[in-house]
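> here's my sequence, what's the structure:
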Amino acid sequence: MQDNTLVVLAEYNTSTEAEIGKSMLDSAGIWSTIRNEYMSSIYPVGTMPAQLMVREEELEKARALLRVR
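Numbers count the residues shown, from 1 in each chain. Here you go, the predicted structure:
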(Lines give C-alpha, C1' and ligand atoms only; values in the text may rest on other atoms or scores of the structure.)
Protein backbone atom coordinates (compact mmCIF):
# COMPACT_ATOMS: atom_id res chain seq x y z
CA MET A 1 0.00 0.00 0.00
CA GLN A 2 1.30 3.42 -0.93
CA ASP A 3 1.55 6.10 1.76
CA ASN A 4 -0.21 9.28 0.66
CA THR A 5 0.89 11.51 3.51
CA LEU A 6 0.79 15.15 2.45
CA VAL A 7 3.48 17.62 3.48
CA VAL A 8 3.88 21.37 3.02
CA LEU A 9 6.26 22.15 0.18
CA ALA A 10 5.97 25.94 0.35
CA GLU A 11 3.85 28.77 1.74
CA TYR A 12 2.76 31.77 -0.30
CA ASN A 13 1.14 35.08 0.62
CA THR A 14 -1.32 34.86 -2.26
CA SER A 15 -3.22 32.02 -3.86
CA THR A 16 -1.97 33.24 -7.25
CA GLU A 17 1.64 32.51 -6.28
CA ALA A 18 0.62 29.08 -5.02
CA GLU A 19 -1.23 28.38 -8.29
CA ILE A 20 1.93 29.16 -10.27
CA GLY A 21 3.88 26.61 -8.21
CA LYS A 22 1.09 24.05 -8.57
CA SER A 23 1.05 24.56 -12.32
CA MET A 24 4.80 23.91 -12.53
CA LEU A 25 4.41 20.73 -10.48
CA ASP A 26 1.46 19.56 -12.59
CA SER A 27 3.57 20.03 -15.74
CA ALA A 28 6.23 17.77 -14.23
CA GLY A 29 3.70 15.08 -13.31
CA ILE A 30 3.85 15.78 -9.56
CA TRP A 31 0.45 15.77 -7.86
CA SER A 32 -0.18 18.73 -5.56
CA THR A 33 -2.95 20.65 -3.88
CA ILE A 34 -3.31 24.04 -2.20
CA ARG A 35 -4.44 24.28 1.41
CA ASN A 36 -5.90 27.57 2.71
CA GLU A 37 -6.35 28.76 -0.87
CA TYR A 38 -9.44 30.83 -0.13
CA MET A 39 -8.61 31.74 3.46
CA SER A 40 -5.35 33.35 2.34
CA SER A 41 -7.46 35.74 0.24
CA ILE A 42 -9.70 36.72 3.15
CA TYR A 43 -7.19 37.25 5.94
CA PRO A 44 -4.39 39.88 5.96
CA VAL A 45 -1.16 38.93 4.17
CA GLY A 46 0.94 36.52 6.22
CA THR A 47 -1.85 35.58 8.62
CA MET A 48 -2.95 32.42 6.82
CA PRO A 49 -0.66 31.66 3.87
CA ALA A 50 -1.67 29.42 0.98
CA GLN A 51 0.22 26.15 1.44
CA LEU A 52 1.34 24.09 -1.52
CA MET A 53 1.06 20.43 -0.48
CA VAL A 54 2.67 17.38 -2.12
CA ARG A 55 2.92 13.69 -1.33
CA GLU A 56 5.76 13.01 1.07
CA GLU A 57 7.50 10.63 -1.36
CA GLU A 58 7.62 13.39 -4.01
CA LEU A 59 8.84 16.15 -1.69
CA GLU A 60 12.51 16.16 -2.74
CA LYS A 61 11.67 16.07 -6.44
CA ALA A 62 9.20 18.93 -5.98
CA ARG A 63 11.73 20.97 -3.96
CA ALA A 64 14.30 20.59 -6.70
CA LEU A 65 11.79 21.66 -9.35
CA LEU A 66 10.62 24.77 -7.50
CA ARG A 67 14.00 25.39 -5.83
CA VAL A 68 12.57 25.68 -2.32
CA ARG A 69 13.93 24.38 0.99
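> longest helix in the chain, please.
When the chain is parsed with DSSP state H, its longest helix is helix 15-27.
> contacts for whatever helix or strand comes next after it, please.
Downstream of helix 15-27, the first helix or strand assigned by DSSP states H and E is strand 32-35. Applying Cβ atoms under 8 Å, 6 or more residues apart in numbering, the contact partners of strand 32-35 are 6, 8-9, 15, 18-19, 21-22, 25-26, 50-54, 62. Where C-beta positions appear, they are placed from N, C-alpha and C, glycine not excepted.
> can you say which of those are buried?
Leu9, Ser15, Ala18, Gly21, Lys22, Leu25, Ala50, Gln51, Leu52, Met53, Val54, Ala62 (16 or more other Cβ atoms under 10 Å).
> closest to Met39 out of those residues?
Among the buried ones among the contacts of strand 32-35, Ala50 lies closest to Met39 (Cβ to Cβ), at 8.1 Å.
> ok, now which ones touch that closest one?
By Cβ under 8 Å, 6+ apart, the neighbours of Ala50 are Glu11, Tyr12, Asn13, Thr14, Ser15, Glu17, Ala18, Ile34, Arg35, Asn36, Glu37, Ser40.
> now those as TSV including pLDDT?
TSV is the format used below for those (pLDDT from 0 to 100):
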residue	pLDDT
Glu11	94
Tyr12	92
Asn13	88
Thr14	86
Ser15	87
Glu17	92
Ala18	94
Ile34	95
Arg35	92
Asn36	87
Glu37	78
Ser40	67
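> and these, which are buried?
Glu11, Tyr12, Ser15, Glu17, Ala18, Ile34, Arg35, Asn36, Glu37, Ser40.
> closest to Val68 among the contacts of Ala50?
Closest to Val68, out of all of the contacts of Ala50 and judged by Cβ to Cβ, is Glu11, at 9.5 Å.
> tell me the predicted confidence for the closest residue to Thr5 other than its chain neighbours.
Spatial nearest neighbour of Thr5, excluding adjacent residues (Cβ to Cβ, 6 or more residues apart in numbering): Glu56 at 4.4 Å. On pLDDT, Glu56 comes in at 96.
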